[in-house]
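Engineer: sharing a model prediction with you, sequence too.
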Amino acid sequence: MSIRKWTGLTALAAATVLAGSSAAIALGPTADQRADGVIVVAGNTCTWTNARTSANPPAALTIDRTTINTPGGNLSCTGGITASLNNNPAFAFDDASGVAKTDAIDITGKQSFISCRYKATNIVWNREGATRKYLNQAFTATKTSGSFLCPGSVTTAAGGASMLFH
């Protein structure tokens, strides 16, 4: 596998946790303290649904990684990629400015025998209209461990990931 393809795949893994669906909901109180995700990078798609959150936006919350990662969650990727979240990301919301911030995302991506772990911090998200869907601002995740074949960092372009709270 080429390094270029691996870079795209690890970007996919890094952004998977940050992904959201395109459905929209009103800004009013939400009901089920859940979050969904989807992202497409380098022709591969990773998705998950109904991850538990500790609260509803705009209250500060965390997302429970055990409800994203398998076997407790349903995170799945096409193209032979597997990914798992290593932390419970914390989100803070500023409804007046329409942004959310995440403290850190720590994720491991694997394909074949290659494993790469990346961490991104202080990620900023822009709310889409009057919904609870948030699109990421560009961010870079830095390699914290893994194969020498793993790039030192991966960048996710603005809008390359999203988060939908419901």
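Structural biologist: Arrived safely, thanks for sending.
Engineer: can you map out the strands along the protein?
Structural biologist: 34-41, 44-52, 61-62, 76-77, 81-85, 90-94, 99-111, 114-127, 133-136, 139-146, 153-156, 162-165 (DSSP state E).
Engineer: shaky segments in the protein?
Structural biologist: Scanning the chain for pLDDT under 70 picks out the ranges 1-31, 38-45.
Engineer: kindly recompute the last result at 50.
Structural biologist: 1-7, 9-26, 30 (pLDDT under 50).
Engineer: which of the strands of the chain is buried the deepest?
Structural biologist: strand 162-165 (a mean of 24; mean count of other CB atoms under 10 Å). Yep, even glycine has a C-beta here, placed from its N, CA and C like the rest.
Engineer: is it true that S54 touches T67?
Structural biologist: No. If you go by CB atoms under 8 Å, S54 and T67 don't touch, sitting 11.1 Å apart.
Engineer: more neighbours, the two?
Structural biologist: Higher neighbour count among S54 and T67: T67, with 20 against 14, using other CB atoms under 10 Å.
Engineer: list the contacts for S145?
Structural biologist: Counting by CB atoms under 8 Å, 6 or more residues apart in numbering, S145 touches C116, R117.
Engineer: count of residues packed around T78?
Structural biologist: Neighbour count for T78, taken as other CB under 10 Å: 12.
Engineer: quick one: it and L85, what's the gap?
Structural biologist: Applying CB to CB, to the nearest Å, the value for T78 to L85 is 18 Å.
Engineer: from T67, how far off is the nearest residue to A138 once chain neighbours are set aside?
Structural biologist: Setting aside the residues directly before and after it, A138 is nearest to A158 in space (CB to CB, 6 or more residues apart in numbering), at 4.5 Å. Distance, A158 to T67, by CB to CB: 27 Å.
Engineer: for A141, same thing?
Structural biologist: In this view, A141 and T67 are 22 Å apart by CB to CB.
Engineer: likewise for I114?
Structural biologist: 26 Å.
Engineer: also N126?
Structural biologist: As for N126, its distance to T67 is 25 Å (criterion: CB to CB).
Engineer: check contacts around the nearest residue to R34 once chain neighbours are set aside.
Structural biologist: Once flanking residues are discounted, R34 sits nearest to N50: 4.8 Å by CB to CB, 6+ apart. N50 is in contact with R34, A35, D36, T67, N74, counting by CB under 8 Å, 6+ apart.
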